[in-house]
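A.B. asks: Next come a sequence and a model predicted from it.
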Amino acid sequence: MEFHIKCTPDQIGRYVFCPGDQRRAKRIADQLDNAELVSSERGIMVYTGTYQGIAMTACGTGMGGPVVAICLEELAHLGADTFIRVGSCGVFQDYQKPGDIIIASGTIRTGGTSLGYLPIEYPAVPTFEILEAIVLAAQSNSIPYQVGIGIASDVFYAAREAISFELLKKIWCDVY
C-alpha cells in the first residue's frame, strides 16, 4: 500500500486520467463501468472502473506539481504506466478560449517540480501512440479540438513576462 494515496496494486488500472480537480475525477469515473472510489486519503480522490473490460483509474490530485508528482510516482509503483493529464493548460493562440479542447503535443515546463526528475532541456511530450489515440478518439466522437504546445507552471497568477510568454507566443504562432 502506498503511503499518500493508500491504494494497493489491485485497485489501480494501468491507464490513469489525472485531473487536478477532484470533481473532474468523479466525472471521469462516472463514464467507466463499475467505477468505485478506492481512496480519498489526503483529499486525493482515486476511482477505478473499467472501459471495454480494461481497468482504468481517475485520480483527482488537487493543485500543484509536488502533489501531482507524489500521486504519479505512487500510482506507477502500483503498476500504472500511462498517465493522461486532463484539465486546464496554458495556450499561445489568441483565438483559443476557456473550454476549448487542446490536445498537447508537448508542454513547456516552467515549474520547479519537474526539474527534480528531468533537466529543463528534456521536452515534456506524450508518446506518439497516446497522442494519436486521443486525436482519433476526438475525431471519431466529432469533438472539436486543436493539437498544440501548452505551458505548465507552478505559478498561476504571476506575471507572464517572467517566462517570456510573449516571445514564446510569437515563436509558436509564427511557426504554426
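C.D. replies: Arrived safely, thanks for sending. Because the structure is a prediction, the values reported are computed rather than measured. Residues are numbered from 1 along each chain as shown.
A.B. asks: Ramachandran angles for Glu129?
C.D. replies: Main-chain torsions, Glu129, degrees, to the nearest 10: phi -60, psi -40.
A.B. asks: Use 880 as the first number for this chain going forward.
C.D. replies: In the new count, where the first residue is 880, that last one comes out as Glu1008.
A.B. asks: neighbours around it, how many?
C.D. replies: Using other C-beta atoms under 10 Å as the criterion, Glu1008 is surrounded by 9 other residues. To be clear about C-beta, it is placed using only N, CA and C from the backbone, and glycine gets the same treatment.
A.B. asks: Find the nearest non-adjacent residue to the residue nearest the centre of the chain, please.
C.D. replies: Residue closest to the average C-alpha location in the chain (C-alpha atoms, centre = their mean): Arg964, at 1.2 Å. Ranked by C-beta to C-beta, 6 or more residues apart in numbering and with sequence neighbours excluded, the top spatial neighbour of Arg964 is Cys897, at 5.2 Å.
A.B. asks: Would you double-check that the one you found falls in a strand?
C.D. replies: Yes. Per DSSP: H, G, I helix; E, B strand; the rest coil, Cys897 lies within a strand segment.
A.B. asks: before we move on, back to that, can you point out the buried residues in the helix or strand hosting the residue nearest to the centre of the chain?
C.D. replies: For Arg964, the enclosing helix or strand under DSSP states H and E is strand 961-965. Buried residues in strand 961-965, counted by 16 or more other C-beta atoms under 10 Å: 962-964.
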